[in-house]
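[1] give me a model of this one.
(one chain, ligands or ions: 1)
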Amino acid sequence: MIQAQILDLLERLRRELDLAMILISHDLSVLADTCEQVTIMYAGKTMESGKTMDVFTEPKHPYTQGLVGAFPDIRGPRSMPESIPGAVPSLISPPAGCVFHPRCKFAFDRCTRAEPALTELTAGRRAACFLYPEVTEVPGRPIPIAGA
Ligand code: SF4
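    Next comes the predicted model:
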């Protein structure tokens, strides 16, 4: 209740004062309800960004897919949310290569050696992952979905 009141207040202030607002949260439902754009971060790095609904309904990055898969869904048949295995790495000595590779079920050799750049997949949609082409998305390319 308190959270909803605070979010309502922030939204009212944003509208009345014509402000931009940056909200930092681990609660995907709050972000979905509040933000037009979202940036998904892991260990201090941007993993994916884009319009909030696009990112949450069709997550591209394996970390975003894991986050969405770990969130309970009230639609459809009941099922247990799937957690992302492993733990957040030390930021003092983060993993080489892609910082998410020790927990990524799609990781391959290159992921342990090089850091993927944040690249534009489609207009306004970006991800940092070697599973995707580095300039533009190829139509028809299969998109790995968490749990598939
Ligand atoms: S770059 Fe490799 S380890 Fe990192 S998210 Fe993509 S597939 Fe997984």
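[2] the residue located most distally from the centre of the chain sits in which helix or strand?
    The C-alpha centroid of the chain is most remote from Glu16, which lies 29.7 Å away (Cα atoms, centre = their mean). Element membership of Glu16 [criterion: DSSP states H and E] is helix 2-17.
[3] picking up where we left off before, and the residue farthest from the centre of the chain, how far from the ligand?
    41 Å (Cβ to the nearest ligand atom, to the nearest Å). The C-beta positions use only the backbone N, C-alpha and C, and glycine is treated the same way.
[4] residue ranges with poor pLDDT in the chain?
    Scanning the chain for pLDDT under 70 picks out the ranges 134-148.
[5] got the residues of it near the ligand?
    With Cβ under 6 Å from any ligand atom as the criterion, the chain meets the ligand at residues Pro62, Cys98, Phe100, His101, Cys104, Phe106, Ala107, Cys111, Pro116, Cys129, Phe130, Leu131.
[6] among those residues, which ones are buried?
    Pro62, Cys98, Phe100, His101, Cys104, Ala107, Cys111, Pro116, Cys129, Phe130, Leu131 (16 or more other Cβ atoms under 10 Å).
[7] output those residues in JSON lines; the columns should cover distance to Asp27 and secondary structure.
    Converted to JSON lines, those look like this (distance: Cβ to Cβ, whole Å; DSSP: H, G, I helix; E, B strand; the rest coil):
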{"residue": "Pro62", "distance to Asp27": "21", "secondary structure": "helix"}
{"residue": "Cys98", "distance to Asp27": "25", "secondary structure": "coil"}
{"residue": "Phe100", "distance to Asp27": "21", "secondary structure": "coil"}
{"residue": "His101", "distance to Asp27": "26", "secondary structure": "helix"}
{"residue": "Cys104", "distance to Asp27": "23", "secondary structure": "coil"}
{"residue": "Ala107", "distance to Asp27": "27", "secondary structure": "coil"}
{"residue": "Cys111", "distance to Asp27": "28", "secondary structure": "helix"}
{"residue": "Pro116", "distance to Asp27": "27", "secondary structure": "coil"}
{"residue": "Cys129", "distance to Asp27": "24", "secondary structure": "coil"}
{"residue": "Phe130", "distance to Asp27": "29", "secondary structure": "coil"}
{"residue": "Leu131", "distance to Asp27": "27", "secondary structure": "coil"}
